[in-house]
Structure formats: C-alpha cells, structure tokens
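# only geometry, no sequence info:
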C-alpha cells in the first residue's frame, strides 16, 4: 500500500523522524511522482505497511489526488487500478469494466503524464537507488485482521479525544484566568 498526501505534514503522524540527509532527498522529490519507503512508527497498522518497518509514502502533484487528501484532511491509500496480473487501467471506462461493483465511486479526471508506474526509492539506501514493488498476488497480503484495524482506530480516536480535552482545558484555564482578573478589577 502507498499513502499519498497533498502535503508532507499529513504523513508525519505515520513516520519516524528522518535524518537531515534523507529529509533533504525526500523534500527535493516532492510534490511529484516519487514514492519513498520511509521508517514507519510502531503504531502504524500491519494493513498499511505489511511486515516492513517502512511505509510507502508520496506527496502527490496530481491535482485531483491532492484535492482528495485536502478534503479528507489527511493521506489516503493509493493503489493501482488493476487486478493482480493485469495491466493498470488507464481510463475510467476500463476501471469500470474490470472492477465494476467492487468500487464505490470513480473520480473522473485526467491521468498524470507518466507512462510507467511511479518510481519507488528506499530511504535506507544512501545511493540513488530505485526499485519497484513487484505485482502482489491476491493472497500475498493475507487476510485483514479486522480486530487489529478496530483497535488501531480506537487508539487513534482516543489520541484525538485526549488532544481535544487538553486543548479544552487550556482554553478553560485561559478563560478562568481572564474572568478572575476581570472580577478583581471590578471588586
């Protein structure tokens, strides 16, 4: 799986900090058609990174994909529009014919200008080394552990609730300190 984003900040919750050297190489290639394998945080679920310690990520330059990320407010999973063993579908009509009722929606729009799939670079290699992930057979990913997905989403939800409660406490504290000053001035 590849996570695509409209801006780098959307990917940061999923990634470990990068060295200055790696950060510079990544920034030089984005936004654009380069996918990077970057070190993933331990809490990134298996269904996003598989058995790897890295996560495939890209800040896209494609306007429709970037707009989807903006509207969603974060990165989205990007995948090829093809079944295992088939060439990628390069038109909405072909996607509809091949994937049909497996899709909820097809966003119509122009394709990017690339003829080949995007380049994948591994940040662990200092040299400019590129690789493509080979086609996966349908069963290579194994079954999705729904309980693990639920646990991850619950943990993420709790982190969001904790952050909101912290912010609300800060606002309440600020408001109380302002109220206390106002009542002292009046009294």
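Structure's in. What do you need? Predicted, not measured: the structure shown is a model, and the values here were computed from it.
# Could you give me the buried positions within stretch 23-41?
Of the residues in stretch 23-41, 25-26, 30-31, 33-40 count as buried by neighbour count, 16 or more other CB atoms under 10 Å. (C-beta placed from N, C-alpha, C; glycine too.)
# ok, now stretch 58-68?
Neighbour counts over stretch 58-68 (16+ other CB under 10 Å) mark 58-60, 62, 65-66, 68 as buried.
# among those residues, which are in strands?
The strands, defined by DSSP state E, take in 58-59 from the buried residues of stretch 58-68.
# Format the buried residues of stretch 58-68 as a markdown table; extra columns: distance to residue 109 and pLDDT.
Output for these, formatted as a markdown table (distance: CB to CB, whole Å; pLDDT from 0 to 100):
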| residue | distance to residue 109 | pLDDT |
| --- | --- | --- |
| 58 | 18 | 96 |
| 59 | 18 | 97 |
| 60 | 13 | 93 |
| 62 | 9 | 87 |
| 65 | 9 | 87 |
| 66 | 12 | 88 |
| 68 | 10 | 88 |
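# So which of the buried residues of stretch 58-68 is the closest to residue 117?
Ranked by distance to residue 117 (CB to CB), those are led by residue 58 at 11.6 Å.
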